[in-house]
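J.: sequence and predicted structure, then a few things I'm wondering about:
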Amino acid sequence: MLEAFRPSGGKAPGDIVGRLLADHQTGEAVSLARLIHSGRVFGIEWRGCLWIPMFQFNADGPSISAAAQTVRAGLPELWSGWTVAMWFAMPNVRLQDRRPVELLGSDLDAVLQAAQAMQSIEDMGFIQRRLAQGRAAHA
């Protein structure tokens, strides 16, 4: 799943992202912890380290991507970082089996609609089942 983020900047350890944010702050400093706590950014705990998918930040500096933040706000608030990461990384039937992370820059409206259609973790199972059915039909 984490490989899905490679084309959009990959992932970075939280401590490095935190330092980048601190080094490039102008005005009021906002910590990575505060961004995660507020739901503006998500991370994934893996092997004792917090990893941050970098598509959440603009390529020209460590500022938050408005597109990623808008879509994240459309997903269920109680989803864990892993669930959010899976949603962005997995092919989505509502996006013609494309990954939401792949379409953030080219079809934000469709990604936002797909995010807003998600109501619970059970919807993830529905999407996975529909994807499997579609692949079986084409095999």
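T.: In hand now; what should we look at?

J.: got the phi and psi for residue 57?
T.: Phi and psi for residue 57, reported as degrees, to the nearest 10, are phi -120, psi 150.

J.: might you report the residue contacts of it?
T.: 9, 17, 63-65, 68 (Cβ atoms under 8 Å, 6 or more residues apart in numbering). Every residue, glycine included, has its C-beta placed from N, CA and C.

J.: drop anything exposed from the residues you listed.
T.: 9, 17, 64-65, 68 (16 or more other Cβ atoms under 10 Å).

J.: which residues of this protein fall in helices?
T.: Using DSSP state H, the helices assigned to the chain run over residues 14-23, 32-37, 66-74, 81-89, 100-103, 108-116, 121-138.

J.: in this protein, which strand is the longest?
T.: Secondary structure of the chain per DSSP state E: the longest strand is strand 49-53.

J.: CA-only coordinates of stretch 76-92 in CSV, if you can.
T.: Presented in CSV, the C-alpha positions along stretch 76-92 are these (Å, rounded to 0.1, in the frame of the first residue of the first chain):
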residue,chain,number,x,y,z
PRO,A,76,-15.1,10.0,8.0
GLU,A,77,-13.5,11.9,10.9
LEU,A,78,-12.9,8.8,13.1
TRP,A,79,-10.9,6.9,10.5
SER,A,80,-7.4,5.9,11.6
GLY,A,81,-4.3,7.0,9.6
TRP,A,82,-4.1,3.5,8.2
THR,A,83,-7.7,3.6,7.0
VAL,A,84,-7.2,7.0,5.4
ALA,A,85,-4.0,5.8,3.8
MET,A,86,-5.7,2.7,2.4
TRP,A,87,-8.5,4.8,1.0
PHE,A,88,-6.1,7.1,-0.9
ALA,A,89,-3.9,4.2,-2.1
MET,A,90,-6.4,1.7,-3.2
PRO,A,91,-8.2,1.6,-6.6
ASN,A,92,-11.7,3.0,-6.1
